[in-house]
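Engineer: sequence? don't have it. structure:
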């Protein structure tokens with residue numbers, strides 16, 4: 001692959017222009033009005049794959065948003081890699097916090113600034129260009145399939161059924177994913193574990209209408225006050241989640257593995273400085289890395305109710321709402337946790353309010369062995385480009401479909417990500433360093449080379 005760097009250098013501008021076409025499509029899966037944009041993104045991915053050298057590419061319907069599938073089968077007797085990525089992105093709110101237009105990509109300070117720049121349009125697009133290089137230079141020595149979905153950011157509700165119905169189409173030896181990150185720009189990492197997820201919306205109702213807070217305040221329970229108190233009881237002072245039975249199935253990590261995890265470079269002071277906090281908080285007895293990698297968590301993702309407009313309005317609201325999530329670890333079943341939370345949250349509600357709990361989505365955790373051939377191939381590929389052996393890490397994030405792939409297709413996934421913590425995925429001013437983008441395009445072909453060998 002002596003000409004790989006040269007190929008990337010000669011095509012840099014084209015790569016970016018093609019990526020920007022994809023980014024400009026506001027494919028927000030959680031907002032119904034953007035449904036047409038999901039189809040635009042799916043068609044754009046079809047074009048990207050065909051232009052890159054796929055023998056065929058099609059847009060498939062699901063019960064929700066479409067998926068794009070493409071493939072190049074060079075020899076059925078050779079190994080097959082299934083590349084997974086997602087075309088949908090998170091909403092852009094709060095829009096006033098963006099320094100640039102979210103769907104008009106801008107290059108400044110050596111980075112691409114836009115929603116989806118990293119998660120996952122930028123990282124997914126790297127695979128298309130790495131594949132293009134191997135096809136154009138006649139160096140592809142494995143079969144490659146692509147599965148690009150449109151619902152990852154809402155938990156991939158339609159993809160498991162699609163996988164069940166298309167097992168033969170999606171058959172492969174390994175699934176390759178770039179939707180994770182590295183420790184820092186010089187320290188590559190392979191994600192060997194993902195946390196699962198359970199996500200709910202809760203509604204607390206008091207009086208049958210909004211009331212005057214002067215005439216009724218002190219005599220009628222305020223649903224916002226009640227909701228805040230109920231939420232405060234879900235985690236104790238030691239960071240321990242109080243839901244009965246919550247920890248029953250938690251997979252405890254051995255002291256030996258905890259010591260290996262502790263060898264990963266981590267500067268807690270820099271960590272605090274980067275996010276603007278004076279101190280950290282989490283479950284007692286565990287390090288920061290362990291709290292986000294091998295332990296579950298409980299978070300309120302949004303809370304609202306009453307009057308939130310400009311100025312004052314003395315109102316005692318009828319309803320209060322919150323969106324709540326738990327990150328789960330391997331062995332915790334998200335269906336079981338969803339029921340445990342619902343039962344507990346409803347049980348602690350006082351009689352002067354009614355509570356409704358709705359489960360929105362969830363997914364299982366995932367663990368990947370580090371002795372797989374594909375893991376070793378990814379390890380060698382990173383070493384080739386970064387001159388450093390990648391660190392195996394367990395991510396605090398969730399990609400629910402990864403565990404479903406294993407359950408339905410019987411195939412393990414290699415999580416070979418290039419994102420950085422500073423990329424601000426899911427937040428305003430999402431970005432992706434150009435260096436990471438081009439390094440990804442350079443690294444991925446070596447994975448194919450070593451995996452084929």
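Structural biologist: Everything's here; your move. These numbers were taken from a predicted model, which means no experiment stands behind them.

Engineer: so the spatially closest residue to residue 34 that is not a sequence neighbour bridges to which residues?
Structural biologist: Using Cβ to Cβ, 6 or more residues apart in numbering and skipping the chain neighbours, the partner closest in space to residue 34 is residue 28 (4.4 Å). C-beta here means a position set from N, CA and C on the backbone, and glycine is covered the same way. As for beta bridges, residue 28 partners with residue 89 under DSSP bridges.

Engineer: Wait, residue 28 touches residue 93, no?
Structural biologist: No. Contact criterion Cβ atoms under 8 Å: residue 28 and residue 93 do not qualify, at 10.1 Å.

Engineer: of the two, who's got more company?
Structural biologist: Per other Cβ atoms under 10 Å, whichever of residue 28 and residue 93 has more neighbours is residue 28, with 23 against 10.

Engineer: ok, the more buried one - contacts?
Structural biologist: When contacts are counted by Cβ atoms under 8 Å, 6 or more residues apart in numbering, residue 28 touches 34, 37, 88-92, 153.

Engineer: The same query, at a cut-off of 6 Å, please.
Structural biologist: Neighbour list for residue 28: 34, 89, 91 [criterion: Cβ atoms under 6 Å, 6 or more residues apart in numbering].

Engineer: now residue 159
Structural biologist: By Cβ under 6 Å, 6+ apart, the contact set of residue 159 is 149, 401.

Engineer: so residue 178 sits right up against residue 417, yeah?
Structural biologist: Yes. Contact between residue 178 and residue 417 holds when scored by Cβ atoms under 6 Å: they sit 5.2 Å apart.

Engineer: Tell me the gap between the helix or strand encompassing residue 47 and the middle of its chain.
Structural biologist: Assigned by DSSP states H and E, residue 47 belongs to helix 35-52. Distance of helix 35-52 from its chain centroid, counting by Cα atoms, centre = their mean, to the nearest Å, is 20 Å.

Engineer: That one - contacts with which helices or strands?
Structural biologist: Where contact means 3 or more Cβ pairs under 6 Å, 6 or more residues apart in numbering; DSSP states H and E, helix 35-52 is packed against strand 56-60, strand 67-72, helix 121-136.

Engineer: which residues of the protein fall in helices?
Structural biologist: 4-23, 35-52, 121-136, 159-165, 213-216, 223-232, 255-261, 268-275, 288-293, 334-347, 373-386, 400-409, 434-452 (DSSP state H).

Engineer: Just name the most buried of the ones you listed.
Structural biologist: Of all the helices of the chain, helix 121-136 carries the top mean neighbour count, a mean of 24, counting by mean count of other Cβ atoms under 10 Å.

Engineer: Lowest average confidence across helices and strands of this structure, where is it?
Structural biologist: Lowest on mean pLDDT, DSSP states H and E among the helices and strands of the chain sits helix 255-261, with a mean of 79.

Engineer: which residues are in contact with that helix?
Structural biologist: For helix 255-261, contacts defined as Cβ under 6 Å, 6+ apart pick out residue 289.

Engineer: circling back to that earlier point, please tabulate the helices of the chain in CSV, including the columns distance to residue 115.
Structural biologist: What follows is those, written out as CSV (distance: least, Cβ to Cβ, whole Å):
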stretch, distance to residue 115
helix 4-23, 7
helix 35-52, 12
helix 121-136, 9
helix 159-165, 21
helix 213-216, 39
helix 223-232, 29
helix 255-261, 32
helix 268-275, 20
helix 288-293, 24
helix 334-347, 27
helix 373-386, 27
helix 400-409, 21
helix 434-452, 16
